[in-house]
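build me a structure from this.
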Amino acid sequence: MEKDGRTSGILRVNRTLDYDAGPDHRHFLLNISATPLTPTLGHVAYTSVRIDIVDFDDLSPQFSHDTYRLAFVENDSSIINVSLATTPRLLARDMDFGINQTVLYKIQSGASLSGQPFLQIDQATGEFKVIRIFDREALSSNEILLQVKAYQTDKPNTRIALATVIVTVLDKNDNRPVIVPTNLSATIAENSAAGTYVTRLSASDLDV
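Predicted coordinates for the structure are as follows:
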């Protein structure tokens, strides 16, 4: 802060102020003295001026991490509509600390399979719910990438942040091995030597 001349009594800002820079940047106490233009011994007045900096909404929310992970087992009806937390826990906050506007969450993309949604997010807590079961073996990969948006309730289109949630679908041993072919006939001449090739079978397990 600086005075606008010695006689006007006006105080002006002489640099940019930032509330979010920390507590030391939010309050200022100025000690001011006044004396006659013609100094007279003992004729001095003193006062103090406290200046409080008010926060301005100039920052968007920020996630605590860029990437989060969520895992659950395939074909498990017990987790349907049960709240599931990510690791680490999904969290975003308004970086304007003095305003601390409410931040809500929304899935931007990735929460549908074959056009059908399989995940929901609690807009207030950031926890997820599986809303339908599905088969891991029907997926091209056991990892699904979600994009999650955090937004301020007062400015949902401009004060936003994005993060990635990696969803891992864990395999369950729910498939029997398959032998191919299922029926086979083979012939071999009598008196064949030990180790003579007869035929070949193959077995596979869909549980990866």
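
roughly how far apart are the residue nearest to the spatial centre of the chain and residue 20?
Closest to where the C-alpha atoms of the chain average out (C-alpha atoms, centre = their mean) is residue 163, at 4.3 Å. To residue 20, residue 163 is 21 Å away according to C-beta to C-beta, to the nearest Å. Where you see a C-beta, it was placed from the backbone N, CA and C, and this is true even at glycine.

next one: residue 8
From residue 8 to residue 20 the distance is 31 Å (C-beta to C-beta).

the two - which one has more neighbours?
Neighbour count, other C-beta atoms under 10 Å: between residue 8 and residue 20, residue 20 has more, with 16 against 9.

that's a helix at the more buried one, yeah?
Yes - according to DSSP: H, G, I helix; E, B strand; the rest coil, residue 20 belongs to a helix.

so it makes contact with residue 59?
Yes - using C-beta atoms under 8 Å, residue 20 is in contact with residue 59, at 6.4 Å.

which residues do those two both contact?
Listed as contacting both residue 20 and residue 59 by C-beta atoms under 8 Å, 6 or more residues apart in numbering are 95-96.

so how many other residues sit close to residue 53?
The number of residues packed near residue 53 is 16, by other C-beta under 10 Å.

ok, it - contacts?
Shown in contact with residue 53 (C-beta under 8 Å, 6+ apart): 17, 19, 25-28.

and it, how far from residue 188?
Between residue 53 and residue 188 the computed distance is 93 Å (C-beta to C-beta).

could you flag which of the contacts of residue 53 are buried?
Burial by neighbour count, 16 or more other C-beta atoms under 10 Å: within the contacts of residue 53 this picks out 19, 26.

filter the contacts of residue 53 down to the ones in helices?
Assigned to helices by DSSP state H, none of the contacts of residue 53 qualify.

can I get the contacts of residue 53 in a markdown table with pLDDT and distance to residue 120?
Below are these laid out as a markdown table (pLDDT from 0 to 100; distance: C-beta to C-beta, whole Å):
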| residue | pLDDT | distance to residue 120 |
| --- | --- | --- |
| 17 | 85 | 42 |
| 19 | 81 | 36 |
| 25 | 87 | 41 |
| 26 | 85 | 39 |
| 27 | 88 | 44 |
| 28 | 88 | 48 |
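
nearest to residue 125 among the contacts of residue 53?
Closest approach between the contacts of residue 53 and residue 125, by C-beta to C-beta: residue 19, at 27.9 Å.

that closest one: what's it in contact with?
By C-beta under 8 Å, 6+ apart, the contact list for residue 19 reads 25-26, 53-56, 96-98.

now go through the residues you listed and say which are in strands.
Taking DSSP state E as the definition of strands, the contacts of residue 19 contribute nothing to them.

any idea which helix or strand in the chain has the lowest mean pLDDT?
For the chain, counting by mean pLDDT, DSSP states H and E, strand 2-3 ranks last in confidence among helices and strands (a mean of 56).

what's the first helix or strand after that one?
Per DSSP states H and E, the first helix or strand lying C-terminal to strand 2-3 is strand 11-12.

I'd say residue 103 and residue 60 touch.
No - look at residue 103 against residue 60 with C-beta under 8 Å: they stay out of range, at 9.8 Å.
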